[in-house]
Every structure is written in structure tokens, then in C-alpha cells.
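Peer 1: Build me a model:
(chains A, B and C)
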Amino acid sequence: MRPGFRSTPPNEKDRQSYNIKPVISKVYEFTGQCNEKGEECAKRIKWALRKVGIEARHIRGFSRIFVAEGEIPEPYAAGFKEIPSQPISEALGFDEHDITYLFGNGRGITPYDILRLEPYKCHSNVIDVVMYYENSEYRKKLKELLRPYLLNKKQLSIKYQKLKWLDDLRHGQGVKVALLSENALNRMLETIAKIKVGSYKSELGVSTLQIVNGDKLLKIGVDGAEYFAANLLSAIYFKAGCVPFYVELPMRLNAGDNDALRLHRALYIGVGIGRSESGYVKAAAVIMTGHGEILTYLHHDFRSNGKSMEFDENELKKFIEIIEGEVENFARRHGEPALLAVVRSRQFHESEWRSIKRPFSRFWLSLKSRGVPVLLMSWYDTKDYIGKGNAVQIGPKEVKGGIHGVWLLQLSKFKHAVQLSYYSTIKNPVLPATAYIYLRELDFTSLTKNRTKPAPVKYVHKYLKWLIRTYDRRNA
DNA sequence: CCCGGGTCTGGAGATGCAAT
DNA sequence: ATTGCATCTCCAGACCCGGG
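Peer 2: Predicted coordinates for the structure are as follows:
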């Protein structure tokens, strides 16, 4: 079977060239009897379905819920009840297109409006940017690309400087942009990575170094110029400590005692882990405010015992204590956050999931006693097509201290649905899905609409990648 | 019951293209 | 490393199943 697909014809490519509609995946609840329980039951049903030619997967934690490719035909349908998909606007009470972006001098309908508007908020009036170029071709091209958009960017003070030594990138104030050749990036990646990681140590909580692949830059055509410029400008503002734009949820969510109001005043912790050749496992976390400002990056080494990713309980406890300390610190200075959301990707494997969940749960409990609501959320890119702009809600079910549920969510630009799994002490199942949509928007380094990674996790993954590259060339 | 081969799965890396 | 995703290839493990 071709990788990436659960069934053969028509595959995605054929569908596109012949304009065939993709098979709609549907969600079903098994209503019949099952002798086994939990996962075992799910496995058995999946098997039975496969025997009659129906490919289905079950939702972890909900062993009676199945996502089938296409419809379950009679007579098998009798044992199942369909969980219908609905338009996101109905399921969540707002539409993704109703989100607007506040800039310093006006409101935009897309983050790309950073090209014509000023950033929402900056710490200083002048933003010093030095563009270090390895060869003058890069300088010429970059100037050409940015020229049309710099006229109204009064805060930006841009200087160009020939890069003599890599060490030039270690010093100085403001944001540094390094235009480097593919060759230099390959040959000196370890050194560059060390400089890059060092640049994270500023009080701003972000890297102040933006690396640009000069050879790729030269290949950008007229069509790509705008996109490149917008992404780069937004990243430069972000790295200068600005908030490029304020993500505004639709009015009706921002009114009254709607839980969505909490999203702007929440504290977000993105967690991720990275592996290296030398046997280390690094866990990292980034703490982000509800406006998208980064407070801290932190990381911790774990020893892994060979193949498996089992964590040492004590090490893990220490890591979580560090995070806890940072949250306390924030609370002392700014008051308790309106919500604490821990977001992770599915990079975690089953065993990690189990060992990480336990210590974290102690952390949640302590927050609970202080009255800070907690949301734990992970997402996962599926291959299910439930229709663009649609959502399916699975659960939630009551668990100790809150609710646990799953969403399948396919935003208008997504090729496939994303699966959100959450635990929340706020018993409002709409909040996690809203939080996910909100967190996607807070990524100031990627303005494209089809991204699925929420901001804090994206930052963590990039940080980890650089960190690992500082001592492990082979992970380049 | 164990063992081996076939099959499936997921991850990583390379490449190409499209993005409001 | 502007980004991200789709696609493809390769590869290592996991899983399945039948034969001894």
C-alpha cells in the first residue's frame, strides 16, 4: 500500500486530477454488545469491520467511537449510531473567518496585513535590525524584496553589514538577520546552532537571531515575494519583543461571561520532547501569555534507557517543578492567570504519555486548589476528511475533576481533520476547540492559514531542534 | 509454543509547490 | 534555515499468521 493512505484508489492525487470528491469519513458509536472491554473491544470491532471491507479506526479513550472511511452499509449499520458532523460555526458558535487582527494603526482581516499596517504593540519606539549578509547578492535581493513594504514602517531602523565572522552574530543589541549560504549552513551548523541557542537568552524570551537561507532567498520569484516579506517582517517584530498583531475573537465570544474571554488572559505552556543520537532526550517548554508574548524557554535533559523513552520519575518531577516555579513567578507579578493551558503534540508515545501525565496531574491539582482552571490539550493530524469547515464532537465524558473529550476539526484550509483531545476543569467542551483555533493564530513566525501546530508547541519544537543541533550534527 | 517471513506503520529526510 | 504541507522513498519495529 502506498504510504500515507489507508486505502488505495482513488488516492489523493487521482482525486485531484480527476476532480473526484474525497471519501467523507464518518464518526460512529458502536451501540451493540461487546464481551471484551476498552481497547480490546475496539480492536475486535475494527477487525470485524475490516472483514466486510470497511476501514475504521477508533478514538483512543473512547473505545466505542469509530471513524470509518465512508458510510457503514446495511446490515452492519444497525449496530452503530452516527455522530453527525456540523459546520464549525454551529458547533462552536463562531466562524474562523470572523477572527480579526488588531494592528497598531488599524484592523486587518488577515495577518498578512502586517505588510501595510504597523505592529500592535512594541516595547520600544525604535527597532534596530542589522542584516548580516555573507555575499552582496543576498543583500541586493533582500533590499529589493522588502523595499515596497518599508515605506510605512517608521519604527524599523535597518542596517546592512557584511558578515565577516560568525562571531559577529553573537553580539550587539536588537534583532540580527543572518543571510547565509547553504554551504555555510551545512558546514558550520553546529556553531550556528550554538549562536542561535545563545540568542534565546534575552529577557524578551525569544530568539533575537533570524537566519535566512541566502540561496533559497535568491530563488524567490515575484509570486513568492509578498509571502516571504510578510513572514519575515512579522518574525522580526516578534523577535524585537513586539506583538505583531492582537488576535481578536468574534464579538459575541468577547461578551458577557463567555469562557472564551479567558483565552486572552490565559497562560499557555507548550511542551515537547526531542531525541538525539547521543541517547539524550530533551524535554522543553515554552511559556506564553494570552497575547502571544513569550516569557521563558526551559529545557531539561533526560537519560533514555536505550530504545524506549521511559523517563526517570525524579527527573520528570524536577522538570515539572521548574515549570511550576515559572507559573508561580508569573502569578506573583501579574496575578493568577484566567486559565492555564498545557499544550502538546502527539510526539509523545504511549509510554511517555503515561509517565508524563501522572506528575502533571499533581501540578493540575495544585492549580485547582488555587482556583486556576486548567486545560490539557493535544492535537494530532489525521487522514480523515470530514468536510472543510466541519467539526465532530466526541464526548465529553465526566472525569475526576473535569471533563475529557475529543474534537475532529477541519478548518477551511485543512486537507484533513485535526483531532483534539483534551482534559478540562472548565466543563465547557467548546473552550478547547476555541483555544486551539486561537493558538494557531498566535504564531507570529508563520502566517499561512493551513498550519495545524498551535503557537507554543511550534516554538518549543523549533527551540528543541536548534538545541539538539548544538551537540549532535547528525540531527541536522 | 516458538520462529520466521510477509505486511503494515510511523518517522525522517528530500523535494517541490503554494501561501492573504 | 520565510513558512507549511503533500508526496515519495527508505528503513526499522510491530504485528500477524501459518508451519514446524
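
Peer 1: A:Ile386 and A:Ala417 touch, don't they?
Peer 2: Yes - between A:Ile386 and A:Ala417 there is a contact under CB atoms under 8 Å: 4.8 Å. Any C-beta I mention is one placed from the backbone N, CA and C, and that applies to glycine too.

Peer 1: quick one, which of the two is more surrounded?
Peer 2: A count of neighbours by other CB atoms under 10 Å puts A:Ala417 above the other of A:Ile386 and A:Ala417, at 28 against 23.

Peer 1: show me what contacts that one?
Peer 2: A:Ala417 makes contacts with A:25, A:382, A:384-386, A:390, A:392, A:408-410, as judged by CB atoms under 8 Å, 6 or more residues apart in numbering.

Peer 1: Which of the residues you listed fall within strands?
Peer 2: Under the assignment DSSP state E, the contacts of A:Ala417 contribute A:25, A:390, A:392, A:408-410 to strands.

Peer 1: Report the two of the residues you listed separated the most.
Peer 2: Spatial extent of the ones in strands among the contacts of A:Ala417 (CB to CB) is set by the pair A:Ser25 and A:Leu409 at 12.9 Å.

Peer 1: hmm, who's touching the strand or helix carrying A:Trp47?
Peer 2: Element membership of A:Trp47 [criterion: DSSP states H and E] is helix A:39-51. Helix A:39-51 is contacted from outside by A:30, A:34-36, A:55-58, A:63-64, A:66, A:68, A:72, A:76, using CB under 8 Å, 6+ apart.

Peer 1: now stretch A:178-197
Peer 2: Residues contacting stretch A:178-197 (CB under 8 Å, 6+ apart): A:131-135, A:138-139, A:142, A:163, A:166, A:169-170, A:207, A:209-217, A:466-467, A:469-471, A:473, A:476.

Peer 1: quick one: average confidence on it?
Peer 2: The pLDDT scores in stretch A:178-197 average 92.

Peer 1: That one near DNA strand B anywhere?
Peer 2: No - Stretch A:178-197 does not reach DNA strand B (CB under 7 Å from any atom of the strand); its nearest approach is 9.4 Å.

Peer 1: Packing partners of the helix or strand containing A:Ile269?
Peer 2: Using DSSP H and E, A:Ile269 sits in strand A:267-275. Contacts defined by 3 or more CB pairs under 8 Å, 6 or more residues apart in numbering; DSSP states H and E place strand A:267-275 against strand A:280-289, helix A:313-334, strand A:340-345, helix A:455-469.

Peer 1: ok, the first one: who's next to it in the sheet?
Peer 2: Right, strand A:280-289. Strand A:280-289 pairs in its sheet with strand A:267-275 (antiparallel), strand A:294-303 (antiparallel), by DSSP bridges.

Peer 1: among those, which is nearest DNA strand B?
Peer 2: strand A:267-275 (6.5 Å; CB to the nearest atom of the strand).

Peer 1: and for the closest one, what are the contacting residues?
Peer 2: A:281-290, A:304, A:309, A:323, A:327, A:330, A:337, A:339-345, A:347-348, A:352, A:439, A:454-461, A:464-465, A:467-468.

Peer 1: Common neighbours of A:Ile386 and A:Ala417, please.
Peer 2: A:25, A:392, A:408, A:410.

Peer 1: What pLDDT is listed against the last one?
Peer 2: Spelled out, it's A:Gln410. At A:Gln410, pLDDT is 92.

Peer 1: wait, what's in contact with it?
Peer 2: Residues near A:Gln410 by CB under 8 Å, 6+ apart: A:385-391, A:416-418.

Peer 1: change it to 10 Å
Peer 2: A:25, A:85, A:88, A:382, A:384-392, A:416-418 (CB atoms under 10 Å, 6 or more residues apart in numbering).

Peer 1: Just the buried ones from the residues you listed, in PyMOL syntax?
Peer 2: To isolate the buried subset of those in PyMOL, counting by 16 or more other CB atoms under 10 Å, use the following:
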select buried, chain A and resi 25+85+88+382+384+385+386+387+389+390+391+392+416+417+418
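
Peer 1: tilt between the strand holding A:Ile269 and strand A:340-345?
Peer 2: Using axes from the mean of the first three to the mean of the last three CA atoms, to 10 degrees, the inter-axis angle of strand A:267-275 relative to strand A:340-345 is 30 degrees.

Peer 1: How about strand A:267-275 and DNA strand C, any contact?
Peer 2: No - judged by CB under 7 Å from any atom of the strand, strand A:267-275 makes no contact with DNA strand C; its nearest approach is 12.7 Å.

Peer 1: Let's see that strand as CSV, backbone CA atoms only.
Peer 2: What follows is strand A:267-275, C-alpha atoms only, in CSV (Å, rounded to 0.1, in the frame of the first residue of the first chain):
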residue,chain,number,x,y,z
LEU,A,267,-1.1,31.4,30.4
TYR,A,268,0.0,28.7,27.8
ILE,A,269,2.6,26.1,28.2
GLY,A,270,3.8,24.3,25.1
VAL,A,271,5.6,21.1,25.9
GLY,A,272,7.7,19.0,23.6
ILE,A,273,10.5,16.4,23.6
GLY,A,274,13.3,15.8,21.2
ARG,A,275,15.6,12.9,20.7
